[in-house]
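Visitor: give me the fold of what follows.
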Amino acid sequence: MKRITQYIKGKITTEYSASDLTGYALEMLRLKNYRVRRVNNVGAYKKRANQVEPGWPDIQGYDPHGVVVLVEVKKKGDILSSAQIARLTDCHECGGIAMVCFQKGNNAELIEFVNYGK
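Guide: From the prediction side, this is the model:
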């Protein structure tokens, strides 16, 4: 996974791209034998591709027991939309696995949605 290093306001910062974070999440999930795929739900110029409803996450699939897995990827500075929070909450409350992949410090993190922001 490559990092983008930037010099901002006298400080060197390291950032992962959304694509890098997505790759990290897919790799970690596949190591656990999850069947997952990236869903291209936003096309060029932020127009919705394939008429996907707002809130559906970037990675979708299921675990080895058939339990639905949804993962939202957020690069540094991005926040979950209300539609994304609603979708991940609904998945969790229905017994699915809802997760968020994001950058924390200089590391990529993949955690359950219920622990995000804590």
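Visitor: what residue lies at the spatial centre of this structure?
Guide: With distances taken as CA atoms, centre = their mean, Val73 lies nearest the centre of the chain, 1.9 Å away.
Visitor: make sure that one is indeed in a helix.
Guide: No. Looking at Val73 with DSSP: H, G, I helix; E, B strand; the rest coil, it is strand, so not inside a helix.
Visitor: show me what it is bridged to.
Guide: Cys101 (DSSP bridges).
Visitor: next up, the contacts around it.
Guide: Going by CB atoms under 8 Å, 6 or more residues apart in numbering, Val73 touches 18, 21-22, 25, 57-59, 100-102. No exception for glycine: its C-beta is placed from N, CA and C like everyone else's.
Visitor: same deal with Val68?
Guide: 60-62, 91, 94, 96-97.
Visitor: now it, which residues is it bridged with?
Guide: Beta bridges link Val68 to Tyr62, judged by DSSP bridges.
Visitor: quick one: it from Lys75, how far?
Guide: Val68 sits 24 Å away from Lys75, going by CB to CB, to the nearest Å.
Visitor: do the same with Arg37
Guide: Using CB to CB, we find Arg37 at a distance of 20 Å from Lys75.
Visitor: of these two, which one has the most company?
Guide: Shown here are Arg37 and Lys75; by other CB atoms under 10 Å, Lys75 has more neighbours (17 against 10).
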